[in-house]
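[1] Kindly return the folded structure for what I paste below:
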Amino acid sequence: MKIITFNANGIRSAQRKGFFDWAAKQHADVICVQELKAQDEQLDDLLLQLDGYEFYHHCAVKKGYSGVGIYTRKKPDQTIDDFGWDLSHHEGRYLQADFGDLSVISVYLPSGSSGDERQAVKFQFLQEFEKHLIKLLKKKQHYIICGDWNIVHKEIDIKNFKANQKNSGCLPEERAWLDHLFNDLKFVDAFREVNQLPEQYTWWSQRGRARQNNVGWRIDYHIISQELKSKVKRAEIYTKENFSDHAPLIIEYAL
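    Reported below is the predicted structural model:
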């Protein structure tokens, strides 16, 4: 089973940059996308469809903002776009597709980089989302939670670790929350199961020559149930083409 996650930074922009031409050649089973920056009616555009895939999406109320989607070859048993917190629902940050005992989730965590107010929202999201994750763990279900989590985990996951200690996405409190997720709740960072190399980044600032110099952050993840840990077979961050300020993260599972 091949699953891709990708923050498009505007799905229409990514389409113009060739994302769908590339995606059609990947033969993925599921493609999770974040930051659609579009409304439901705009997503009916045939240019944003993938032949052979069903497309489900959950858009933000605010136009041109946030939004998540899932392209899937197999029709899910059901989709869920709400984990019980109104702000996440209004901002279009969660979409879950259930396939038997496997659920694939496309999630887009808030960024706090615009200031204290949004950082407070981000911390609240972490608190509310953790409650939801604990509920998920009580179900007889396996989870692959894909998306832009807007947090680096360890020093290996960011080029300039020391210089970013006070910046959103690299704050000690945020990274400690991921520690808690992996160490206490026993979720697994699928990418690190098969790739322990440094300088493996999925996002680069659009300032300067960050991408050319690989001054990046690894903030896009597949975070999976403990039971799926042994099923991770191969992972790749695709960087040969630029469809967004993020790169697609591809992981294959023995499922």
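[2] how about the strands of the protein, start to end?
    Remark: strands assigned in the chain by DSSP state E are 2-7, 30-34, 54-58, 68-72, 78-80, 94-99, 102-108, 142-148, 188-189, 203-204, 216-217, 220-224, 232-237, 249-253.
[3] most neighbours per residue, which of these?
    Ranked by mean neighbour count, those are led by strand 30-34 with a mean of 28 (mean count of other CB atoms under 10 Å). From N, CA and C alone the C-beta is placed, and that goes for glycine too.
[4] Point out the other elements, helices or strands, that that one touches.
    Judged by 3 or more CB pairs under 8 Å, 6 or more residues apart in numbering; DSSP states H and E, the packing partners of strand 30-34 are strand 2-7, strand 68-72, strand 102-108, strand 142-148.
[5] could those go into a markdown table alongside mean pLDDT and distance to residue 78?
    A markdown table is the format used below for these (pLDDT from 0 to 100; distance: least, CB to CB, whole Å):
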| stretch | mean pLDDT | distance to residue 78 |
| --- | --- | --- |
| strand 2-7 | 99 | 18 |
| strand 68-72 | 98 | 12 |
| strand 102-108 | 98 | 10 |
| strand 142-148 | 98 | 15 |
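[6] low-confidence ranges in this protein?
    Counting by pLDDT under 70, the chain shows no low-confidence range.
[7] starting at the chain centroid, how far to the longest helix seen in it?
    If you go by DSSP state H, the chain has its longest helix at helix 116-137. Its chain's C-alpha centre and that of helix 116-137 lie 15 Å apart, by CA atoms, centre = their mean, to the nearest Å.
[8] For it, which helices and strands make contact with it?
    helix 86-90, helix 172-183.
[9] that older thread, can you redo the strands of the chain as TSV with distance to residue 196?
    Below are the strands of the chain laid out as TSV (distance: least, CB to CB, whole Å):
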stretch	distance to residue 196
strand 2-7	20
strand 30-34	24
strand 54-58	34
strand 68-72	29
strand 78-80	34
strand 94-99	29
strand 102-108	24
strand 142-148	20
strand 188-189	11
strand 203-204	20
strand 216-217	17
strand 220-224	15
strand 232-237	11
strand 249-253	15
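[10] So for residue 173, which of these sits nearest?
    Closest of the strands of the chain to residue 173 is strand 216-217, at 16.7 Å (criterion: CB to CB).
[11] hmm, who's touching that closest one?
    For strand 216-217, the surrounding residues in contact (CB atoms under 8 Å, 6 or more residues apart in numbering) are 152, 157, 158, 159, 169, 170, 199, 201, 202, 203, 204, 210.
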